[in-house]
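Trainee: fold the stuff below for me.
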Amino acid sequence: MPDSSRLSRSEQLAFLDELEPGAHFTQLFGCLPDTNYFAKDLEGRFVLVDPGFVAMLGRQSTDEVLGRTDFDFFPRDVAEKYVTDDQIVMSTGEPLRDIIEPVPDEELTFHWWVVNKVALRDRAGKIVGLAGVTSRLSDRNAPSWQGPGLVSVLQLIGREYRSHLSVADLAKKAGMSVRSLERTFVKKFQTTPLRYLNRVRVQAARHALVHTDKDLSTIAVECGFYDQSHMTTQFKRAYGRSPSRYRREQGAE
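Mentor: The predicted model follows:
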C-alpha cells in the first residue's frame, strides 16, 4: 500500500518554489567559517553570492556584484582563467574539485582558498550555469593530496614571499627533506618551490600595479624582487609584457 505521508515530487517542487531565493544558503554558509558561495549563469554573470564572497571581491553589498562577471573584479588574465574553468564545468557537466587559488588582501598578504565548482541544471536537466564554494585553505579542509606539510609551506609563502626564502626554509616548515619537498611540489603543482614562490611575487606585483599608484621600483622591493629590473624580467616571462605596459592595459594609470 502506498505511503500517503511521503512527499511527492510535485509537492517537493512546490515547497522549494515558496522559499526565498538564496536565503537558506546565506544562513547555512554563515555558520561556516571562511567559507563562501557563488552562482553564475551561462554568460558568467553572478546571480547568487553570499556576504563573505562579496567581501572577498572588495565590495560592500550584493548589489555591487549581482549581474557582473569576473572581468569586473579581476585583471583580464585572472578572469580568463576563471572563465576557462567555468566553461569546462558548464560544457561537460563534470565538477572541478579542490582548485587552489591564491587571493591577496589589501596588505598583499596571500591567503589560499580551495575552490569547488559544479554545474547547475534546470528541472529538465539542462545546464543553466554553475555554483561554487570557496573555503580558506587550512589543515582542516586541505585536499587529501596536500596534507598539513604543504599547507604550512603555502601559508609561509603567502606571509613571507617578500623575504629571501630558501628551499631549506620551506622544507623545514613542512617537516620534509629538501628533496622530498621539491619532488612533491613538482608532482602537485608542476613546478619547483622556488618557481612557485616567484609566481606569488609576480602576482603580488600584478595586484599592486592594478590597485595602487606606487612606482615600479617601490613595487619591486615590496614584492620581494631584488630590484625593478629583476621584477620586469620575471613579469614579462609570466605575462608577456612589461609591468608598465600591463598597468596601462588595465587602465590603472
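Trainee: domains of the protein?
Mentor: As recorded under automatic domain parsing, the domains making up the chain are 19-136, 147-249.
Trainee: so which of those is the most packed in?
Mentor: Stretch with highest mean neighbour count among the domains of the chain: domain 147-249 (a mean of 17; mean count of other Cβ atoms under 10 Å). All C-beta atoms are positioned from the backbone trio N, CA, C, and that covers glycine.
Trainee: what does stretch 87-105 contact?
Mentor: By Cβ atoms under 8 Å, 6 or more residues apart in numbering, the surrounding residues in contact with stretch 87-105 are 42, 56, 85, 110-119, 121, 127, 129-130, 134, 137, 143, 145-146, 154, 158, 200, 203-204, 207.
Trainee: return that stretch as PDB; C-alpha atoms alone will do.
Mentor: Extracted in PDB, the C-alpha atoms of stretch 87-105 (Å, rounded to 0.1, in the frame of the first residue of the first chain):
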ATOM      1  CA  GLN A  87      33.400  26.700 -19.300                       C
ATOM      2  CA  ILE A  88      34.800  23.200 -18.600                       C
ATOM      3  CA  VAL A  89      32.200  22.700 -15.900                       C
ATOM      4  CA  MET A  90      29.300  24.000 -17.900                       C
ATOM      5  CA  SER A  91      30.300  22.200 -21.200                       C
ATOM      6  CA  THR A  92      31.000  18.800 -19.600                       C
ATOM      7  CA  GLY A  93      28.700  18.800 -16.600                       C
ATOM      8  CA  GLU A  94      31.700  17.500 -14.600                       C
ATOM      9  CA  PRO A  95      32.700  19.200 -11.400                       C
ATOM     10  CA  LEU A  96      36.100  20.800 -10.700                       C
ATOM     11  CA  ARG A  97      37.400  19.800  -7.300                       C
ATOM     12  CA  ASP A  98      39.900  21.300  -4.900                       C
ATOM     13  CA  ILE A  99      41.400  24.000  -7.100                       C
ATOM     14  CA  ILE A 100      43.900  26.000  -5.000                       C
ATOM     15  CA  GLU A 101      43.600  29.800  -5.700                       C
ATOM     16  CA  PRO A 102      45.800  32.500  -4.100                       C
ATOM     17  CA  VAL A 103      43.800  35.600  -3.100                       C
ATOM     18  CA  PRO A 104      45.700  38.700  -1.800                       C
ATOM     19  CA  ASP A 105      44.300  41.100   0.700                       C
END
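Trainee: which residues are in contact with the residue nearest to residue 152 when sequence neighbours are not counted?
Mentor: The shortest distance from residue 152 to any non-neighbouring residue, by Cβ to Cβ, 6 or more residues apart in numbering, is to residue 173 (5.0 Å). Contacts for residue 173 (Cβ under 8 Å, 6+ apart) come out as 152, 153, 156.
Trainee: how about the second one, secondary structure?
Mentor: What that stands for is residue 153. When classified by DSSP: H, G, I helix; E, B strand; the rest coil, residue 153 comes out as helix.
Trainee: returning to what we had before: export the domains of the chain as CSV, with columns for mean pLDDT and distance to residue 13.
Mentor: Shown next, in CSV, are the domains of the chain (pLDDT from 0 to 100; distance: least, Cβ to Cβ, whole Å):
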stretch, mean pLDDT, distance to residue 13
domain 19-136, 84, 7
domain 147-249, 87, 42
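Trainee: dump the ones you listed to TSV, plus distance to residue 7.
Mentor: Output for the domains of the chain, formatted as TSV (distance: least, Cβ to Cβ, whole Å):
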stretch	distance to residue 7
domain 19-136	15
domain 147-249	42
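Trainee: would you map the strands across the stretch 1-150 of the chain?
Mentor: Using DSSP state E, counting those that start in this stretch, the strands of the stretch 1-150 of the chain run over 35-41, 46-49, 96-104, 110-121, 127-136.
Trainee: adding distance to residue 12, write these out as CSV.
Mentor: Putting the strands of the stretch 1-150 of the chain into CSV (distance: least, Cβ to Cβ, whole Å) gives the following:
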stretch, distance to residue 12
strand 35-41, 20
strand 46-49, 20
strand 96-104, 28
strand 110-121, 16
strand 127-136, 19
